[in-house]
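In: Make a model of this:
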Amino acid sequence: RNTLEHYNQLAPLQTPPQEVLKFSKAASFAWLGEFELLKHLQQEVLMKPWVSKANREVAGKYFKIVHAHEEIGCLNIKIVRLQKWVNDEDAHLFTTPMSLSVSNPALASEICKLYSKCK
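Out: Next comes the predicted model:
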């Protein structure tokens, strides 16, 4: 904001006078090439490595790779949880007919058939 205020003080003094910018308009610039504010205030800004489109694209790809590695870590945790859930369900489906064999033999038989088909 300080840079914007400084620019707005100097904008009318330029030849020809430049437009005074609001923060919302300055913040809405999507690409550095459209950001005339930086070009008018400090020439050394144009020499920075991040000004190069190729460098920005490489940086963007780098951060996508970093995010992908983070996502792989999260997915590895989810895989373990899913495998545990599947194993727990399998164990429950295996033990349920045994607990029902006395109280409800027909249901126990159907669960055994279902378990056999799944295996």
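In: Quick one: list the elements packing against the helix ranked longest in the chain.
Out: The longest helix of the chain (DSSP state H) is helix 53-100. Secondary-structure packing of helix 53-100 (3 or more Cβ pairs under 8 Å, 6 or more residues apart in numbering; DSSP states H and E): helix 105-118. All C-beta atoms are positioned from the backbone trio N, CA, C, and that covers glycine.
In: What angle do helix 105-118 and the longest helix of the chain make with each other?
Out: Compare the direction of helix 53-100 with that of helix 105-118 by axes from the mean of the first three to the mean of the last three Cα atoms, to 10 degrees and you get 150 degrees.
In: so where's this structure uncertain?
Out: Low-confidence segments of the chain (pLDDT under 70): 1, 27-46, 119.
In: Centre-most residue in it?
Out: H67 (6.7 Å; Cα atoms, centre = their mean).
In: residues near E89, how many?
Out: Neighbourhood size, E89 [other Cβ atoms under 10 Å]: 11.
In: Check E110 too.
Out: E110: 13 surrounding residues under other Cβ under 10 Å.
In: can you tell me which residues contact it?
Out: E110 makes no contacts at all, as judged by Cβ atoms under 8 Å, 6 or more residues apart in numbering.
In: same thing with A11?
Out: Neighbouring residues of A11 by Cβ under 8 Å, 6+ apart: P17, Q18, E19, V20, L21.
In: so how far is S103 from it?
Out: 86 Å (Cβ to Cβ, to the nearest Å).
In: Helix or strand: which one has A26?
Out: Here A26 sits within helix 23-27, counting by DSSP states H and E.
In: Any buried residues in that helix, and which?
Out: By neighbour count with 16 or more other Cβ atoms under 10 Å, helix 23-27 contains the buried residues A26.
In: quick one: furthest residue from the center of this structure?
Out: V102 (53.0 Å).
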